[in-house]
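Trainee: Only the shape, not the letters, is given here:
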């Protein structure tokens, strides 16, 4: 398991299931993450426009703007933000489609907090490497 040597990784957790975002947010905060939540694709896009995030954990199936559409807008507006797609409804193909649009990775729900924490740490490391490469 990758260690999180950088406390305070800024996460936006996006899901229309309130219980999921509430519970997962609590678990992530206890592990040292700085977590904001959004309950829709539209709210996620607004949050990304207004604040800086390192990693967005984005549910795929939501009423209104779905995860793929939100992903495309987020990556266009903030290309350095890493996005992890979460899906309870989709399939491997949908996760792969998300990666074609710039997602770092995807995971199926339900997801264990340890697995999500590891994916977030890996996404954050990729962001740091990309930033270092830009500065060269």
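Mentor: Good, I have the coordinates. Worth saying up front: this structure is predicted, and the values here are computed from it rather than measured.
Trainee: what sits against the spatially closest residue to residue 41 that is not a sequence neighbour?
Mentor: Distance criterion C-beta to C-beta, 6 or more residues apart in numbering; nearest residue to residue 41, sequence neighbours excluded, is residue 65 at 3.0 Å. Yep, even glycine has a C-beta here, placed from its N, CA and C like the rest. Going by C-beta atoms under 8 Å, 6 or more residues apart in numbering, residue 65 touches 40-42, 45.
Trainee: Kindly present the residues you listed as a markdown table, with separate columns for distance to residue 22, neighbour count and secondary structure.
Mentor: Below are those laid out as a markdown table (distance: C-beta to C-beta, whole Å; neighbours: other C-beta atoms under 10 Å; DSSP: H, G, I helix; E, B strand; the rest coil):
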| residue | distance to residue 22 | neighbour count | secondary structure |
| --- | --- | --- | --- |
| 40 | 15 | 18 | coil |
| 41 | 19 | 25 | helix |
| 42 | 20 | 15 | helix |
| 45 | 21 | 22 | helix |
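Trainee: Out of those, the closest to residue 86 would be?
Mentor: residue 41 (12.9 Å; C-beta to C-beta).
Trainee: That closest one touches residue 74, doesn't it?
Mentor: No. Using C-beta atoms under 8 Å, residue 41 is not in contact with residue 74, being 9.1 Å away.
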